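K.L.:
Following is a predicted model, sequence given first.
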Amino acid sequence: MTVDVIFEDTRWEAAGLVQMAEVASDATLRHLGYEPEDWELCVMGCDDARIAELNEEFRDKGKATNVLSWPSEERGAAEEGGVPLAPEGPDPELGDIAISYETCQREAEAAAKPMSEHCTHLLIHATLHLLGYDHIRDKDATLMEAIEVEILGKMGFADPYNGS
């Protein structure tokens, strides 16, 4: 897996964003039956101000959020709860992810979790978005959350949705 990491906020370097992004994307792709070595993505570690700008520009929501993702192509399932379209080559680029330091830190503290665990979950979540998974429709959300919980469980992390 090739993960290009851009540091707009240097706190992400000390937080280990490169390793978190590589572990999360690799685990997600393997779980879904893809060879991680065949795919690429880009992760930008930024702050709340920058992610608020991006959120406004791309989603018309002028506030900070934890993570945003931009798939390289639309892969979403037509049928609610269905499996998204598989990515195809020859272009190995899955898309881009932005993650905000302050929001992630606040959320991790509020959940009494290590920041690395919380961010790994968010990066798995964002990688699933790049692969066409979403949570707008109820059955899609159920599928996406179940996959996240399975991947996190394999990593020894608790279910973030049920606190178990």
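P.N.:
Received it, and whenever you're ready, just let me know what you need.
K.L.:
In the chain, which residue is most central in space?
P.N.:
Using C-alpha atoms, centre = their mean, the residue of the chain that lies closest to the mean C-alpha position is residue 126, 1.9 Å off.
K.L.:
Can you verify my assumption that it contacts residue 97?
P.N.:
Yes. Using C-beta atoms under 8 Å, residue 126 is in contact with residue 97, at 4.4 Å. (Each C-beta comes from the backbone N, C-alpha and C, glycine too.)
K.L.:
Quickly list what's touching both of these two.
P.N.:
By C-beta atoms under 8 Å, 6 or more residues apart in numbering, residue 126 and residue 97 have these common neighbours: 67, 68, 69.
K.L.:
Just give the number of residues close to the first one.
P.N.:
Residues near residue 67, counting by other C-beta atoms under 10 Å, number 19.
K.L.:
Same question for residue 30.
P.N.:
Burial of residue 30, expressed as a neighbour count using other C-beta under 10 Å, amounts to 14.
K.L.:
Quick check: the gap between it and residue 95.
P.N.:
Distance, residue 30 to residue 95, using C-beta to C-beta, to the nearest Å: 18 Å.
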